[in-house]
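In: need a 3D model of the sequence below.
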Amino acid sequence: MRTTSIVFIGAAAIALLAGGCSEKVSPAPPASAPSPAASANPAPVTKPAAAPATKAPVKPTTRPAGHDADWIGALAGCPNDGQKTEVQKLVYGDVTGDGVPDALVARTCEAATSYWPTTVEVFDGASGANPRRVGTLLTDVGDKDLPWFRSMSVSGQTVTIKAYGTSPRAERACADLELTYRYDYRGGEFTRTGRQATRSAECLPIQ
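Out: Down below sits the predicted model:
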């Protein structure tokens with residue numbers, strides 16, 4: 001009887017100890033579904049700031065920087081007393097090839113009747129405030145073609161001039177030629193390297 005009592009007490013003690021040491025694990029609560037309001041209004045997405053706009057490059061003026069010389073005042077005078085010089089066009093281009101734009105001035109003289117032929121005076125751009133003339137174009141065709149300036153361009157050391165003119169068969173007041181001249185600058189002087197002429201059946205506008 002004593003033995004049976006001891007065994008019972010021992011079993012009860014073991015059961016009590018086991019119950020005190022064990023931990024009950026609570027099941028994890030189920031994941032809650034997102035509310036409809038949250039799904040309908042998602043958090044706003046922040047966009048990166050836009051890069052600053054790049055300004056368009058400033059176009060250069062037709063008058064090169066530093067060209068303050070009085071090209072017009074340096075033009076040759078007209079042959080008759082009281083006859084005024086009239087400037088038709090001023091163009092810049094590095095004809096001399098020294099890296100400095102030169103000035104090319106198409107000019108004529110006022111005329112009471114008909115018109116006065118055009119010449120083009122070329123000034124060295126490196127001469128600064130004291131313009132130095134390096135050549136005068138169209139003087140070699142002035143008496144024959146009587147050119148009247150239309151346009152002028154510079155490409156390298158070549159100058160191309162377009163003009164109206166008068167053939168020997170036309171009256172001076174009725175220009176009937178469309179002319180294109182080319183001059184090359186070599187060895188410090190200009191040489192005419194081309195002349196093209198097309199005759200018109202009607203008088204061309206001299207303005």
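
In: contacting residues for the residue lying closest to Arg150 once chain neighbours are set aside?
Out: Nearest residue to Arg150, sequence neighbours excluded (CB to CB, 6 or more residues apart in numbering): Lys162, at 4.4 Å. Quick note: C-beta positions are derived from backbone N, CA and C, even for glycine. Applying CB atoms under 8 Å, 6 or more residues apart in numbering, we find Lys162 in contact with 150-152, 178-181.

In: do the same with Gly142
Out: When contacts are counted by CB under 8 Å, 6+ apart, Gly142 touches 117, 119.

In: restricting to C-alpha, output stretch 113-131 in PDB.
Out: What follows is stretch 113-131 as a C-alpha-only set of coordinates in PDB (Å, rounded to 0.1, in the frame of the first residue of the first chain):
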ATOM      1  CA  THR A 113      18.900 109.500-116.200                       C
ATOM      2  CA  SER A 114      19.400 105.800-116.800                       C
ATOM      3  CA  TYR A 115      21.700 104.300-114.200                       C
ATOM      4  CA  TRP A 116      25.300 104.300-113.000                       C
ATOM      5  CA  PRO A 117      27.200 100.900-113.200                       C
ATOM      6  CA  THR A 118      28.000  99.100-109.900                       C
ATOM      7  CA  THR A 119      31.500  98.500-108.500                       C
ATOM      8  CA  VAL A 120      32.400  96.400-105.500                       C
ATOM      9  CA  GLU A 121      35.100  97.700-103.200                       C
ATOM     10  CA  VAL A 122      36.900  95.200-100.900                       C
ATOM     11  CA  PHE A 123      38.500  96.300 -97.600                       C
ATOM     12  CA  ASP A 124      40.900  94.300 -95.500                       C
ATOM     13  CA  GLY A 125      39.100  93.400 -92.200                       C
ATOM     14  CA  ALA A 126      42.400  93.400 -90.300                       C
ATOM     15  CA  SER A 127      43.000  97.000 -91.100                       C
ATOM     16  CA  GLY A 128      40.900  98.100 -88.200                       C
ATOM     17  CA  ALA A 129      39.800 101.700 -87.900                       C
ATOM     18  CA  ASN A 130      41.800 102.700 -91.000                       C
ATOM     19  CA  PRO A 131      40.100 100.700 -93.800                       C
END
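
In: what about the helix or strand harbouring Ala163, average pLDDT?
Out: Taking DSSP states H and E as the criterion, Ala163 maps to strand 158-165. Model confidence over strand 158-165, given as mean pLDDT, is 98.

In: what do you get for stretch 133-153?
Out: What stretch 133-153 shows for mean pLDDT is 96.
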